[in-house]
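Peer 1: The sequence and its predicted three-dimensional model are supplied below.
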Amino acid sequence: MKAVIFSCSIKDKKNSETQAWCELVAKRMKMQSIECPVVNLKDFDHEASTGPDLLHEEMAKAYHANFIIIAGPVNFNQPSFFLRNLAKRFVYAHQQAKIKDIDIFENKLFEICIMQGCFSKYLQDGTEIPDVYNGGPTRTMKALMPHPPALQYIQPTQPPLHVSFSGATDRRGPTRKNLHTDTGTLKDIDLMIGRFKQTHSKKKWSILNPEQPTFGLGTWMKCFKSTEANAFGRGYTLSKDNLTEENVSKHIKWINDNIENTLHRAQIWVAMKERCVKNDFHDGADMYFDEQFRLGQKGMVKTGEMIFGDEYILRWKKGSFRIQRPGNYRPNNY
């Protein structure tokens, strides 16, 4: 049996909670004689690329895998753009495979793991109520992927597979540095591996040898190949080599014209603001900050819309971008 993990954090490997979890999974897979490479999407930065689709070549590792794990964080209550754009690849491949009349995911099982920060809710008397993950981002990701029976997931857990990391507002969870000692995380990983092995061995496969697809690697790769200019999120961001005022202006216009979801735009603004800061491009960072802050202003209930006496209380419109979220301030390392 073989597995592959797609690590979908916009942080560099050494700073990524997602990558720490993926490497821990790969290590525990190896302990059970399961080969499990990790594909880190930040290594390819497809969204900012202008040349060949280098991430495309990595999809060959999924061809050889019986178990495909997709792991990544939520930003502003939405899966990261790396997660969402990876899902587009699987949807596109499924659509191309239907044209060829093949079941492209015939011998594969899937799982999704969401990374988030711990947080708590409070009663009126100040009593802390630790919040339980309700699976919203997991459901969002599964809705973006091809739907069953096109692909199949291992038996789900309740709550769905996730890690709640220590954060600025709640320090209960593990960090990337001590994740390997966290008993809850280790238990969840081993349960996931056990369910994969159990499902794989007990499933009544429709093919003679479930270890190998009934079609070749070349066919698989063609199904994942797109010639569309902005396929799979290309253009969402700019590379460090393309950071000029002219390019930033064009990029901001393109995002505002093509990305409707406010929270998805917010993810891009905060990522690009940090990329500009990281590369000492102050003017660009300022331009992205303006877009980020304007989104927050649009989401606020204005003083004139409030009941008299509530004008000093921050209120937000439903579904809006909230400027007080930790993701606005936490270093994202993009």
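Peer 2: Now that the structure is in, tell me what you want to look at. Numbers count the residues shown, from 1 in each chain.

Peer 1: need the strands for the chain, in chain order.
Peer 2: 3-7, 38-40, 67-75, 78-79, 109-117, 120-122, 128-130, 152-153, 162-165 (DSSP state E).

Peer 1: Counting by contacts, list what the first one packs against.
Peer 2: The one in question is strand 3-7. helix 17-31, strand 38-40, strand 67-75 (3 or more C-beta pairs under 8 Å, 6 or more residues apart in numbering; DSSP states H and E). Placement of C-beta: from N, CA and C, glycine included.

Peer 1: Turn the strands of the chain into CSV, including mean neighbour count, distance to residue 270 and mean pLDDT.
Peer 2: Output for the strands of the chain, formatted as CSV (neighbours: other C-beta atoms under 10 Å; distance: least, C-beta to C-beta, whole Å; pLDDT from 0 to 100):
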stretch, mean neighbour count, distance to residue 270, mean pLDDT
strand 3-7, 26, 20, 98
strand 38-40, 20, 20, 98
strand 67-75, 25, 8, 97
strand 78-79, 23, 12, 94
strand 109-117, 23, 15, 95
strand 120-122, 10, 24, 66
strand 128-130, 10, 27, 70
strand 152-153, 16, 31, 94
strand 162-165, 23, 18, 94
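
Peer 1: Out of the ones you listed, flag the one nearest residue 247.
Peer 2: strand 67-75 (23.2 Å; C-beta to C-beta).

Peer 1: What residues sit buried inside stretch 273-281?
Peer 2: Across stretch 273-281, burial judged by 16 or more other C-beta atoms under 10 Å covers 273, 274, 275, 276, 277, 281.

Peer 1: same thing with stretch 83-94?
Peer 2: 83, 84, 85, 86, 87, 89, 90, 91, 92, 93, 94.

Peer 1: now do the same end-to-end measure for stretch 169-183.
Peer 2: 22 Å (C-alpha to C-alpha, to the nearest Å).

Peer 1: Stretch 63-70 too?
Peer 2: By C-alpha to C-alpha, one end of stretch 63-70 lies 15 Å from the other end.

Peer 1: which outside residues touch that stretch?
Peer 2: The contact list for stretch 63-70 (C-beta atoms under 8 Å, 6 or more residues apart in numbering) reads 1-6, 8, 22, 25, 34, 62, 83, 86-87, 107-113, 141, 154, 192, 196, 200, 210-211, 213, 217, 220-221.

Peer 1: Cool, thanks, signing off.
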